[in-house]
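Engineer: coordinates only, sequence not included:
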């Protein structure tokens, strides 16, 4: 791991998630969030296909009103492992 990766991992370990955030299934498309997640913004991103092409996905940012955790949801219909990921606090 790079130094930057180690710092990021240490930062994420320090975060305290509320019970609702802790229950979110990460990296699984179509997994539900919870009622206290407030949508912040959306953006488009380009992802590479296995066949060398590319496609556009939507990334939506959320913030939990209960614990302040920042989440990102990747809506990529071609990747079952896209979905929720913690991006900070």
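Structural biologist: Now that the structure is in, tell me what you want to look at. Since the structure is predicted, the reported quantities are computational estimates derived from the model, not experimental observations. Residues are numbered from 1 along each chain as shown.

Engineer: my read is residue 21 is in a helix, agree?
Structural biologist: Yes: assignment of residue 21 by DSSP: H, G, I helix; E, B strand; the rest coil places it within a helix.

Engineer: mind listing what it touches?
Structural biologist: 34, 64, 66-67, 69, 71, 86 (C-beta atoms under 8 Å, 6 or more residues apart in numbering). Using the backbone N, CA and C atoms, a C-beta is placed for each residue, glycine as well.

Engineer: could you find the closest non-adjacent residue to the residue sitting nearest the centre point of the chain?
Structural biologist: Nearest to the mean C-alpha position of the chain, counting by C-alpha atoms, centre = their mean, stands residue 85 at 2.4 Å. Across the structure, with C-beta to C-beta, 6 or more residues apart in numbering as the measure, the residue nearest residue 85 apart from its sequence neighbours is residue 72 (5.4 Å).

Engineer: burial count for the one you found?
Structural biologist: Applying other C-beta atoms under 10 Å, we find 17 other residues in the vicinity of residue 72.

Engineer: so, low pLDDT: which residues of this structure?
Structural biologist: The chain contains residues with pLDDT under 70 at 1-2, 4-15.

Engineer: in it, which spans are helices?
Structural biologist: Counting by DSSP state H, residue ranges of the helices within the chain are 3-14, 19-22.

Engineer: is the residue nearest to residue 85 in a bridge, and if so with what?
Structural biologist: Residues in a beta bridge with residue 72, per DSSP bridges, are residue 61, residue 85.

Engineer: which residues touch it?
Structural biologist: With C-beta under 8 Å, 6+ apart as the criterion, the residues that contact residue 72 are 59-62, 84-85, 87.

Engineer: just the buried ones out of those residues, please.
Structural biologist: Buried members of these, scored by 16 or more other C-beta atoms under 10 Å, are 59-60, 62, 84.
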